[in-house]
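[1] Would you be able to build a 3D model of this:
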Amino acid sequence: MIVNKILGNIRDYEAGERTVDPVWLEWYELEKKLLRKTSEAGEEVGIRLEDGSHAHGSTPEGHTHGSDEEGHIHGSDAEEHTHGSGAEGHGHSRPMEDGDILYADDSRVIVVRLLPCEVTVIPVHTMKEMGRLCFELGNRHLSLSIGDSQVTVPYDEPTFRYLEKLGFHPRKQEGTLDHVTLCRGHSHG
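    Numbers count the residues shown, from 1 in each chain. Have a look, this model is predicted:
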């Protein structure tokens, strides 16, 4: 199966009696536009997202995309028949999120699920502290998730110790990194 459009998010959708079949992704895979994964039930899923490929605020109710009534793709024409046309929207696409619906039919819903990982959670109490922390993390080219009173980054020991040295109070824990602001490396020369 090839999917090139996100149909909505499971948090805004009533699955009813449909089976929810997760496709597990690492946090850093959420931004990828081209992936090949296998769902928990064993369905091979090709994800090929294009700009404007998210159906913001919509739900997949009644959607059965594909070449037959069940939404399955058959034969050597699979590359030509994809779930969602990708032409509905234009512009910048957002990264995938935990709960994004890749496919839905009358019996099942295939959903993105985020794998937990080791993270460093850094509590902040003021805007000044938030600014200083984000400056330091940005200088290290770290991707991060910003909350109202904390910042979360992927765990690594040197960064953890560096944050302690700077006077922050980081804690290591198992968690998920969703809604990540990606830091892309660049040259300082």
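
[2] mind giving me the domain ranges of this structure?
    Domain assignment for the chain by automatic domain parsing gives 2-114, 117-175.

[3] show me where this structure has strands.
    For the chain, the strands defined by DSSP state E occupy 2-3, 19-25, 34-38, 44-48, 101-104, 108-114, 117-123, 145-146, 150-154, 171-175.

[4] could those go into TSV alongside distance to I10 and mean neighbour count?
    Backbone N, C-alpha and C define where each C-beta goes, glycine included. Converted to TSV, the strands of the chain look like this (distance: least, Cβ to Cβ, whole Å; neighbours: other Cβ atoms under 10 Å):
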stretch	distance to I10	mean neighbour count
strand 2-3	15	22
strand 19-25	7	17
strand 34-38	17	13
strand 44-48	15	18
strand 101-104	6	26
strand 108-114	5	21
strand 117-123	21	18
strand 145-146	20	17
strand 150-154	22	21
strand 171-175	19	12
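
[5] where are the low-confidence patches of the chain?
    For the chain, the stretches flagged by pLDDT under 70 are 52-93, 180-189.

[6] Apply 90 and report the result again.
    4, 13-16, 27-28, 30-33, 49-96, 138-145, 147-148, 176-189 (pLDDT under 90).

[7] Which helix runs longest in it?
    helix 127-139 (DSSP state H).

[8] Just the buried residues of that one, please?
    Neighbour counts over helix 127-139 (16 or more other Cβ atoms under 10 Å) mark 129-130, 133-134, 136-137 as buried.
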